[in-house]
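J.: Dropping the sequence and predicted coords here.
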Amino acid sequence: MYWTAGSTFIAIRKEIVRLETAPSEEGIVVVYTGKGKGKTTAALGIVLRAVGHGHKVGMIQFIKGEWYYGELTSSKRLEPEFEMIAAGKGFVGILDDDHSIEDHRSAAQKAVSIAKEKLTSGNYDIVILDEIHYALNLKLITLADILDIMRSRPTKTTLVMTGNYAPKEVLEIADLVTEMKEIKHPYHRGIKAKKGVDY
């Protein structure tokens, strides 16, 4: 195509760039599950890639919310293309959890409402529901809640869901499923979570 007249070549190149950066016509459902680390990290990798194409991404965190972790700050640097909402009350029943199960359940139900609102708004190319499967396993939400969210997904929007214990009903619907398998973990050697790596 280098023999083409200059103006024509530029027009063709602009069309190629437009097609490469335009959101896909049809989204998919992505699930990151399993006992190994890296599920939220994989979802954040999608964020980094999508923002590079100018896509709009929304992330709703179902468990995290009250403790500090790095993406609370770094996510601000990716605005306005990336919006992260920490809707949870923190990890349930461990560490310094001082909330009742009713508080956690109420926060998770609010996250369900936010997820549906973001999905149906048409404003996002990708919506990420972080740790939603943990919320289900902890009985903060129901399988019906998750399936209802999935049904509300516009065809053009990609839905990403993370967390261990993804139910078979979700796995059957998903287009891409990755299971994180733990081979070894520093925690078992008494090494505490590392700032910037684990949180």
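T.: Received it, and whenever you're ready, just let me know what you need. Numbering: from 1, shown residues only.
J.: Double-check that Ile114 belongs to a strand.
T.: No. Counting by DSSP: H, G, I helix; E, B strand; the rest coil, Ile114 is located in no strand; its state is helix.
J.: And for it, nearest residue in space, chain neighbours not counted?
T.: Counting by C-beta to C-beta, 6 or more residues apart in numbering, Ile114 lies nearest to Ile60, which is 5.3 Å off, once chain neighbours are set aside. All C-beta spots, glycine's among them, are computed from the backbone N, C-alpha and C.
J.: I'd like to know how many residues surround that neighbour.
T.: Summarising burial for Ile60: neighbours were counted as other C-beta atoms under 10 Å, giving 26.
J.: got it, and Met59?
T.: Met59 has 25 neighbours, counted by other C-beta under 10 Å.
J.: in the chain, which spans are strands?
T.: The residue ranges that make up the strands of the chain, judged by DSSP state E, are 29-33, 57-61, 82-86, 126-130, 158-162, 176-179.
J.: For the fifth one, C-alpha coordinates in PDB please.
T.: Output in PDB follows, covering the C-alpha atoms of strand 158-162 (Å, rounded to 0.1, in the frame of the first residue of the first chain):
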ATOM      1  CA  THR A 158     -18.000  -7.200  28.100                       C
ATOM      2  CA  LEU A 159     -18.700  -8.500  31.700                       C
ATOM      3  CA  VAL A 160     -15.800  -9.700  33.800                       C
ATOM      4  CA  MET A 161     -16.500 -11.500  37.100                       C
ATOM      5  CA  THR A 162     -13.800 -12.500  39.700                       C
END
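J.: which stretches of the chain aren't confidently modelled?
T.: Scanning the chain for pLDDT under 70 picks out 1-24, 65-67, 90-99, 187, 199.
J.: most tightly surrounded among the strands of the chain?
T.: strand 126-130 (a mean of 27; mean count of other C-beta atoms under 10 Å).
J.: quick one: terminal-to-terminal distance for stretch 184-192?
T.: Between the start and the finish of stretch 184-192 there is a gap of 14 Å, counting by C-alpha to C-alpha, to the nearest Å.
J.: Next, format the strands of the chain as TSV and append distance to Glu71.
T.: Rendered in TSV, the data for the strands of the chain read as follows (distance: least, C-beta to C-beta, whole Å):
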stretch	distance to Glu71
strand 29-33	15
strand 57-61	9
strand 82-86	7
strand 126-130	10
strand 158-162	13
strand 176-179	20
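J.: State the distance from the residue nearest to Ile114 to Leu72.
T.: Applying C-beta to C-beta, to the nearest Å, the value for Ile60 to Leu72 is 14 Å.
J.: Quick check, the residue nearest to Ile114 in contact with Ala87.
T.: Yes. Counting by C-beta atoms under 8 Å, Ala87 is a contact partner of Ile60 at 5.6 Å.
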